[in-house]
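**Student:** dropping a prediction and its sequence here:
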Amino acid sequence: MRKHRNSVIEPISELNKIKIRDNGEPLVELNGLDDRIVVLPNWRTNEPQRLFARKTVAQMLQKAAQLLPKGYKLGVFSAYRSIEEQKQIYRRVYRRMKRRYPHAPKNILRRLTNRFVHPPDIKTPPGHSTGGAIDLTLIGPDGTELDMTSPYKWRTPKARAVAATYAEGISEQARKNRELLITVMTKAGFTNYAGEWWHWSYGDSCWAWRLGRKTAIYGLAPDPLKR
């Protein structure tokens, strides 16, 4: 097995080579799963949401939460997404890139968009649509999210400048908080997309590529809210 890849570029050409052998594992709901795992409101609408992940992923999240210092919790803000939702997000980010770079050709706009959202129209399925990918942060004993991005405010355009997991230019406190998240998630068995400190996965094609595996164990999962 090759050394773990820690890159902000995960080439689609290589991801497409990963074989998918879905093990049939079901999705389970994260809401109410564990007191140390908090399902946060939708960050765009601030509305409550129900989140799902593969059963093993949920168990791994519980393991990660157990590794946190007393009083700390995991705050999950995105997990399983239907392929339709993934397409909507991709189109939204593509339009944002087009506004930012109005003279860029389509292939460059696609490449820029792919840095932030897994394209839904390629061979390898988006991690979120497999139920294997999780977006999360840490919550402190006082119930508030820990600082991960200062001097930039989290969930603002400027915070994108320090989105990379090991980005320079963040405060010492933000760095220490990221190190805590990295430690517990890695020990629990997740791998990280190095372009986003909050994005972790297990079982999907990106996880397989990061570990040098030829096969992913999760493919597209059915929408649990449409059964």
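**Tutor:** Here it is on my side, so go on. Numbering: from 1, shown residues only.
**Student:** ranges for the helices of the protein?
**Tutor:** 12-15, 55-66, 83-100, 106-114, 127-130, 172-188, 205-210 (DSSP state H).
**Student:** so which of these gets nearest residue 41?
**Tutor:** helix 83-100 (16.2 Å; Cβ to Cβ). (Glycine included, C-beta is placed from N, CA and C.)
**Student:** do you know how far the spatially most central residue of the chain is from residue 164?
**Tutor:** Note on the chain: the residue nearest the mean C-alpha position is residue 199, at 2.6 Å, using Cα atoms, centre = their mean. Note on residue 199: its distance to residue 164, by Cβ to Cβ, to the nearest Å, is 11 Å.
**Student:** what of residue 30?
**Tutor:** For residue 30, the distance to residue 164 - Cβ to Cβ - is 26 Å.
**Student:** of those two, who's got more company?
**Tutor:** Using other Cβ atoms under 10 Å as the criterion, residue 30 and residue 164 rank with residue 30 on top: 24 against 15.
**Student:** nearest spatial neighbour of that one, skipping sequence neighbours?
**Tutor:** Nearest residue to residue 30, sequence neighbours excluded (Cβ to Cβ, 6 or more residues apart in numbering): residue 51, at 4.5 Å.
**Student:** the one you found reaches residue 81, doesn't it?
**Tutor:** No - the criterion here is Cβ atoms under 8 Å, and residue 51 misses it with residue 81 at 9.6 Å.
**Student:** between those two, tell me which one has more neighbours.
**Tutor:** Per other Cβ under 10 Å, whichever of residue 51 and residue 81 has more neighbours is residue 81, with 25 against 22.
**Student:** where in the chain is pLDDT low?
**Tutor:** Counting by pLDDT under 70, the chain shows low-confidence ranges at 1-8, 227.
**Student:** can we see that at 50?
**Tutor:** 1-3 (pLDDT under 50).
**Student:** what sits against residue 60?
**Tutor:** 188, 189, 190, 202 (Cβ atoms under 8 Å, 6 or more residues apart in numbering).
**Student:** can you report how many residues lie near the last one?
**Tutor:** By other Cβ under 10 Å, 27 other residues sit near residue 202.
**Student:** for the first one, same thing?
**Tutor:** Here the neighbour count serves as a burial measure; for residue 188 (other Cβ under 10 Å) it reads 20.
**Student:** wait, it sits on residue 67?
**Tutor:** Yes - counting by Cβ under 8 Å, residue 67 is a contact partner of residue 188 at 7.0 Å.
**Student:** residue 153 contacts residue 159, doesn't it?
**Tutor:** Yes - because the distance of 6.3 Å satisfies Cβ under 8 Å, residue 153 is recorded as touching residue 159.
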